[in-house]
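Trainee: Fold the following, please.
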Amino acid sequence: MPETPNELATSQDFEFEALERAVNYRAAVIHEFSPWLTGDVLEIGAGIGQFTAPLKALPAVRRVVCLEPELKFVEPLRKKFPGTTVIEGTIDDLDEVIEWDAMLSVNVLEHIRDDAGELAKYARRLSKRRGHLCLFVPARPELHAPIDRNFGHYRRYTKPELALKLDRAGFDVTRLCYYNWLGYFGWLFNFVLLGREQFDVASVAAFDRLIFPVGNVIERTLFRPPFGQSLLAVARAR
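Mentor: Down below sits the predicted model:
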């Protein structure tokens, strides 16, 4: 039976609302993955399409297909991106004949109980000549907080754990690093220490505009910190 996102989630909408304000953050994530996003790309868990527009704008991307298991997001996606194929369902609902050039999965894998099995399914459907998985997940178990439960997160990942799961699923890791080191401290303070269970949208917008760009420049040009709010991975199917 195909697995749906974590049924323990109490709300996804407030997560999307906050992410909508994080314009610089979303652009930076797509930029990090852009060298591997080419040809026919499958966006896994497209949600309300916040990463779909910048993904479709990449010059090397020929076609984007959105995969979304939540019915309430499917029709709005179709209206927002006319002409783009939107499939309601999970990876199990796809035509196995198609070999994808790339897959993009942003903050999806942590919602799936059998993440190892899910990764193996991705590997089987990627082109063995050039297919890359661009994967973005929450990091560091010490950051797991009530808000993670509200999002429906089963886990937050460590770098060694994710590397091992990718290898066992049939991937060779091209790139794996922690991401958004300044966001680590904000998450620790607000959601672990203070126990807040929702985003303050205005604070997210201020962080995105004033703080995130500084930390992102440091990550891209000076050094990759040994911790971060998220993990960014690029892996090639073998």
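
Trainee: got a pLDDT number for the residue of the chain positioned farthest from its centre?
Mentor: Distance from the C-alpha centroid of the chain, by Cα atoms, centre = their mean, peaks at residue 194 (25.5 Å). We have a pLDDT of 94 for residue 194.

Trainee: Any chance of the backbone angles for it?
Mentor: phi -90, psi -20 (degrees, to the nearest 10).

Trainee: any weak-confidence spans in the chain?
Mentor: 1-18 (pLDDT under 70).

Trainee: all strands of it, in order?
Mentor: Listed in chain order, the strands of the chain (DSSP state E) span 39-44, 61-68, 85-88, 102-106, 132-138, 171-179, 230-237.

Trainee: I'd like the ones you listed as CSV, with mean neighbour count and distance to residue 160 appended.
Mentor: Where you see a C-beta, it was placed from the backbone N, CA and C, and this is true even at glycine. Shown next, in CSV, are these (neighbours: other Cβ atoms under 10 Å; distance: least, Cβ to Cβ, whole Å):
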stretch, mean neighbour count, distance to residue 160
strand 39-44, 22, 23
strand 61-68, 20, 28
strand 85-88, 17, 33
strand 102-106, 25, 20
strand 132-138, 25, 14
strand 171-179, 18, 10
strand 230-237, 24, 11
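
Trainee: Name all residues that make contact with the residue farthest from the centre of the chain.
Mentor: By Cβ atoms under 8 Å, 6 or more residues apart in numbering, the contact set of residue 194 is empty.

Trainee: if I look at it, how far off is residue 132?
Mentor: Applying Cβ to Cβ, to the nearest Å, the value for residue 194 to residue 132 is 38 Å.

Trainee: can you check residue 101 too?
Mentor: Applying Cβ to Cβ to residue 101 and residue 132 gives a distance of 8 Å.

Trainee: Residues that sit against both of these two, list them.
Mentor: residue 126.

Trainee: Nearest residue to the middle of this structure?
Mentor: Centroid-nearest residue in the chain, with Cα atoms, centre = their mean: residue 106, separated by 1.0 Å.

Trainee: Which residues does that residue form beta bridges with?
Mentor: On the basis of DSSP bridges, residue 106 is bridged to residue 136.

Trainee: was I right about it contacting residue 29?
Mentor: Yes: look at residue 106 against residue 29 with Cβ atoms under 8 Å: they come within range, at 6.6 Å.

Trainee: any residues in contact with both of those two?
Mentor: With contacts taken as Cβ under 8 Å, 6+ apart, residue 106 and residue 29 have 51, 136 as neighbours in common.

Trainee: neighbours of residue 131, just the number please.
Mentor: Number of residues near residue 131 (other Cβ atoms under 10 Å) recorded here: 24.

Trainee: and the nearest residue to residue 34 once chain neighbours are set aside, what does it touch?
Mentor: Using Cβ to Cβ, 6 or more residues apart in numbering and skipping the chain neighbours, the partner closest in space to residue 34 is residue 58 (5.7 Å). Listed by Cβ under 8 Å, 6+ apart, the contact partners of residue 58 are 30, 34, 37.

Trainee: quick revisit: which ones are touching the residue nearest to the centre of the chain?
Mentor: Residue 106 touches 29, 45, 51, 136, counting by Cβ under 8 Å, 6+ apart.

Trainee: Then residue 168?
Mentor: The contact partners of residue 168, taken as Cβ under 8 Å, 6+ apart, are 116, 120.
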